[in-house]
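S.K.: How does the following fold in three dimensions:
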Amino acid sequence: MPSILIIYTGGTIGMIENPETGALENFDLEQFRRQVPELKRFNYNIDALAFGPPIDSSDMEPSYWVKMVRLIADNYHQYDGFVLLHGTDTMAYTASALSFMLENLSKPVIITGSQLPIGQLRTDGKENLLSSIEIAAAKDANGRPMVPEVCIYFDNQLLRGNRTTKINSEGFNAFRSHNLPALAQAGIHIFYETHLIRRPAPEAKFKPHFLMDDNVVILTLFPGIRKEVVDIILHIKGLKAVILKTYGSGNAPQASWLYERLEELHRRGVIVVNITQCSKGRVEMGRYETSLQLLDAGVINGHDCTLECVVTKLMFLLGHGYSREHITKLMSTNIAGEVTIPEEDETLSAS
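M.R.: Numbers count the residues shown, from 1 in each chain. Predicted coordinates:
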C-alpha cells in the first residue's frame, strides 16, 4: 500500500466561503477530507500536515521553502510520495526552489492547487488533488516511482516544476511549460513521457538544502527606461545578482550608459544573468550586436530558463557562498532539468 503525505501550505484550494461575510477563509484538514470523500477510495495510506497558520502564496518567501524542505526531509523515508497544496500565484517559484533544494530526489513531490476553492461546485481542486495523489503513488514495472521530480500538476498536465510559469489568472489552464513538453497528460489514463523524466543516479543520496540568499533583483528593460531608475536599482545595498530581462533573443539598447553600469557591476562582483522577456525561446548571446555588447560587459547567458527558475537558482547558489566563477559555470549547467544547453536540444528533438 503506497504511503502519501499531503502538505497543506494554504492557497485557494483549501479555502471555503464564510456564509455570513462571503469572504474566503482557510479551513482545517478535517473539513478538507469531508469536502473530498473520494480520498477514502484510494487504496493508499494518506496522511496530512498543515502549515500553521496557512499562508497566502502572495506572502511566499525563502523561509517557507526551507520549512517545506524540512517537512519533506523529516518524512522522506516514511512516504512514497508527497503532494504539496499551494496557492497558484507563486507556485512556480516554489516548485523551482524545491527542485534545487531537494538534491538527488528519488520520490515524487507534486505541487498542486486550484483556481476555485475545493468547496465550490465547479472547483478544479478535486481533480487536481486526486490526480496529484495518484501520480505521487504511481510506480513503473520495476517498482520505481514514475516521476521522481518536483512537478506541478494542473488542468490535466504534469509539468516539470522549474520549467513552469503561471500564464492565466482566470482559466483552469493556469500554468504552462513553454520550453519543455509536459511530463504526463491525464485523460482516461495518465500517459507519462518517460524519456523526459529525470532520475537521480542509483547511488546518489538524497540531500536536502536549507540555504538561500535573497540579495537578487530583477531589471526589466523597456523603451525609454531612464538611467536614474537603473542607478537606483543597481546600487541596492548588499546586491549580489541582477536578472536582466531583455528583448527577443537577449538584446538590449546600445546606450553607452547602460553598458558602463553593467561593466561596473561586473567589477563589483555582482552577477548579471540575461533572460528573454519572451514566453517561449531562449537567449542567444552574440547572435546580434546588441547582445554581443552584453557579453563584453560580463553578462551571463540565461538560456531558456524561466524567470522563476533564475530567481530561485541564483538564491540557491548564492546561499551556498559559491564564487562568481563557479556560479557563472553552474548557471550554464543543467542541475535539475531547468535549462536546455544547445547540445541537449538535439537529444530532445531526436527523442
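
S.K.: can you give me the helices in the stretch 151-300 of the chain?
M.R.: Per DSSP state H, counting those that start in this stretch, the stretch 151-300 of the chain carries helices over the ranges 227-234, 256-268, 289-296.

S.K.: Could you pull up phi and psi at the residue nearest to G81 when sequence neighbours are not counted?
M.R.: Using Cβ to Cβ, 6 or more residues apart in numbering and skipping residues adjacent in sequence, the residue nearest G81 is A136, 3.1 Å away. (Each C-beta comes from the backbone N, C-alpha and C, glycine too.) Dihedral pair for A136: phi -60, psi -30, per degrees, to the nearest 10.

S.K.: just to revisit the earlier point, can I get the helices of the stretch 151-300 of the chain in a markdown table including mean neighbour count, mean pLDDT and distance to K245?
M.R.: Output for the helices of the stretch 151-300 of the chain, formatted as a markdown table (neighbours: other Cβ atoms under 10 Å; pLDDT from 0 to 100; distance: least, Cβ to Cβ, whole Å):
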| stretch | mean neighbour count | mean pLDDT | distance to K245 |
| --- | --- | --- | --- |
| helix 227-234 | 13 | 93 | 12 |
| helix 256-268 | 15 | 94 | 13 |
| helix 289-296 | 17 | 80 | 12 |
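
S.K.: confidence score at the nearest residue to E103 once chain neighbours are set aside?
M.R.: Nearest residue to E103 in three dimensions, chain neighbours excluded: K207, at 4.2 Å (Cβ to Cβ, 6+ apart). As predicted, K207 sits at a pLDDT of 97.

S.K.: Pretty sure K207 sits against F100.
M.R.: No: the criterion here is Cβ atoms under 8 Å, and K207 misses it with F100 at 11.2 Å.

S.K.: Between those two, which has more neighbouring residues?
M.R.: F100 (23 against 11; other Cβ atoms under 10 Å).

S.K.: so after the strand or helix carrying the more buried one, what's the next helix or strand?
M.R.: Using DSSP states H and E, the element containing F100 is helix 91-101. Next helix or strand after helix 91-101 toward the C-terminus (DSSP H and E): strand 102-103.

S.K.: Which elements pack onto that next one?
M.R.: Here strand 102-103 touches strand 207-208, going by 3 or more Cβ pairs under 8 Å, 6 or more residues apart in numbering; DSSP states H and E.

S.K.: So in that sheet, which strands flank the strand it packs on, and in what orientation?
M.R.: The pairing partners recorded for strand 207-208 under DSSP bridges are strand 102-103 (antiparallel).

S.K.: who's in contact with the strand it pairs with?
M.R.: Applying Cβ atoms under 8 Å, 6 or more residues apart in numbering, the external contacts of strand 102-103 come out as V69, I72, V109, V150, F206, K207, P208, H209.

S.K.: Could you identify the buried members of the residues you listed?
M.R.: Buried subset of these (neighbour count, 16 or more other Cβ atoms under 10 Å): V69, I72, V109, V150, P208, H209.

S.K.: For C151, give me its contacts.
M.R.: By Cβ under 8 Å, 6+ apart, the contact list for C151 reads A95, P108, V109, I110, I111, I135, L158, L159, R160, G161, L183.

S.K.: Now for these: which two are most distant?
M.R.: Distance extremes for those: the farthest pair is A95 and I135 at 14.1 Å, using Cβ to Cβ.

S.K.: Tell me what angle the helix or strand hosting V69 forms with helix 91-101.
M.R.: Using DSSP H and E, V69 maps to helix 62-74. Between helix 62-74 and helix 91-101, the angle comes out at 50 degrees (axes from the mean of the first three to the mean of the last three Cα atoms, to 10 degrees).

S.K.: Please enumerate the strands of the stretch 151-300 of the chain.
M.R.: In the stretch 151-300 of the chain, the strands defined using DSSP state E, counting those that start in this stretch lie at 157-160, 165-166, 175-176, 184-186, 190-192, 207-208, 216-220, 241-246, 271-276, 300-301.
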